[in-house]
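In: pasting the structure only:
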């Protein structure tokens, strides 16, 4: 349900010299306005950073690693809660003082994730044209990432077995990466960046559910020939041209041919979107992906 999580809290009474004595690295980050004193360390699988100027402590960890399970496994909600508590406990030990309860911590990053026992190659291949809002798809062999204009990864779908180098029970994996500056809404409601508000089963599965709906993975994925019929029925002769360009994109592995202008690319993308074309399977119709209800 959750992979990497980063949380932070305001902490008073922490001195960089004390952290240095406890094995932390203390250094200065410089910018145009001067320098900020920082301290960092890694303990028990938790990466910690302390900004002395404002007394802010951040902690980041992979929750499956903290629980001692394979990263290919999905944690249950209770296991996620236990792992987040472990992050706070490790941070307290590293600082050498009892830190505030989790109700005072804020969430700067969390990665909801889900996986299925489906052929990753078929589904990743079907995502050549699929986009999340304000992102562009970037393909890397057995995976696809959706990146923003600032080159931040918003989500990725990939073959977990190839990443691990061995067979896994649930090889098809979809991961959403939510960062501090992203305003997140689930079911139309803004999600508060508190541990209790963001790191819940309802929010995490809601994020994944809305992602697969935006990508078109929640319903049967049509074959490329069914997509051709849809485009021709919708646009006539222009639909044949749109289909021809779509085939070229598939043959180029998701990259638009260099002789297609930006204006033409946008025109066809708009046509695909208006016709309801998002995911297209080159190997025949695929079943949609399902999530457990809660």
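Out: Yep, that arrived. Being a predicted model, the structure only gives us computed values, none of them experimental.

In: what about the strands in the chain?
Out: 2-10, 25-31, 34-43, 46-51, 56-62, 106-116, 136-140, 143-147, 153-159, 172-176, 178-179, 185-186, 189-190 (DSSP state E).

In: out of these, nearest to residue 238?
Out: Among the strands of the chain, strand 136-140 comes nearest to residue 238, with 23.8 Å by CB to CB. In this view, the C-beta of every residue, glycine as well, is placed from N, C-alpha and C.

In: quick one: contacts of the closest one?
Out: 124, 127-131, 144-147, 253-255 (CB atoms under 8 Å, 6 or more residues apart in numbering).

In: that one vs strand 153-159, what angle?
Out: Orientation of strand 136-140 against strand 153-159 (axes from the mean of the first three to the mean of the last three CA atoms, to 10 degrees) gives an angle of 40 degrees.

In: just checking: what are the partner strands of strand 136-140?
Out: Sheet pairing here is set by DSSP bridges, and for strand 136-140 it gives strand 143-147 (antiparallel).

In: in the stretch 101-250 of the chain, where is pLDDT below threshold?
Out: Applying pLDDT under 70 to the stretch 101-250 of the chain flags no residue at all.

In: still on that earlier bit, and the strands of the chain, which is most packed in?
Out: Neighbour counts (mean count of other CB atoms under 10 Å) averaged over each of those peak at strand 172-176, with a mean of 23.

In: tell me the gap between it and the middle of its chain.
Out: Taking the mean of its C-alpha atoms, strand 172-176 sits 7 Å from the chain's own mean (CA atoms, centre = their mean, to the nearest Å).

In: packing partners of that strand?
Out: strand 106-116, helix 120-126, strand 153-159, helix 201-215 (3 or more CB pairs under 8 Å, 6 or more residues apart in numbering; DSSP states H and E).

In: out of these, nearest to residue 80?
Out: helix 201-215 (8.1 Å).

In: run through who's touching that closest one.
Out: 1-2, 77, 110, 112-114, 127, 130-133, 155, 157, 174, 176, 178, 184, 186-187, 191, 197, 218, 278-279, 288-289, 291-292, 294.

In: domains in this protein, by residue range?
Out: Domain assignment for the chain by automatic domain parsing gives 1-104, 109-218, 224-275.

In: how about stretch 219-237: buried residues?
Out: Buried residues in stretch 219-237, counted by 16 or more other CB atoms under 10 Å: 221, 222, 223, 224, 227, 228, 230, 231, 234, 235.

In: can you check stretch 127-136 too?
Out: 127, 128, 129, 130, 131, 132, 135.

In: which one is residue 159 nearest to, not counting chain neighbours?
Out: residue 120 (3.6 Å; CB to CB, 6 or more residues apart in numbering).

In: could you check how far the one you found is from residue 126?
Out: 11 Å (CB to CB, to the nearest Å).

In: and the angle for the longest helix belonging to the chain with helix 201-215?
Out: Secondary structure of the chain per DSSP state H: the longest helix is helix 77-95. For helix 77-95 against helix 201-215, the angle by the same axes, to 10 degrees is 110 degrees.

In: check contacts around residue 18.
Out: Per CB under 8 Å, 6+ apart, neighbours of residue 18: residue 96.

In: same check, this time on the one 5 residues further on
Out: Under the criterion of CB under 8 Å, 6+ apart, the neighbours of residue 23 are residue 41.

In: stretch 63-81 - what's its average pLDDT?
Out: Here stretch 63-81 scores 93 as its mean pLDDT.

In: now do it: everything it contacts.
Out: Contacts for stretch 63-81 (CB under 8 Å, 6+ apart): 1-5, 44-46, 62, 82-84, 86-87, 113-115, 160-161, 164, 168-170, 199-201.

In: can you list the buried residues in it?
Out: Buried residues in stretch 63-81 (16+ other CB under 10 Å): 63-67, 71-72, 74-75, 77, 79-81.

In: turn those into JSON lines, including distance to residue 248.
Out: Supplementary listing: those in JSON lines, determined by distance: CB to CB, whole Å:
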{"residue": "63", "distance to residue 248": "42"}
{"residue": "64", "distance to residue 248": "40"}
{"residue": "65", "distance to residue 248": "42"}
{"residue": "66", "distance to residue 248": "46"}
{"residue": "67", "distance to residue 248": "46"}
{"residue": "71", "distance to residue 248": "37"}
{"residue": "72", "distance to residue 248": "35"}
{"residue": "74", "distance to residue 248": "37"}
{"residue": "75", "distance to residue 248": "42"}
{"residue": "77", "distance to residue 248": "45"}
{"residue": "79", "distance to residue 248": "46"}
{"residue": "80", "distance to residue 248": "43"}
{"residue": "81", "distance to residue 248": "49"}
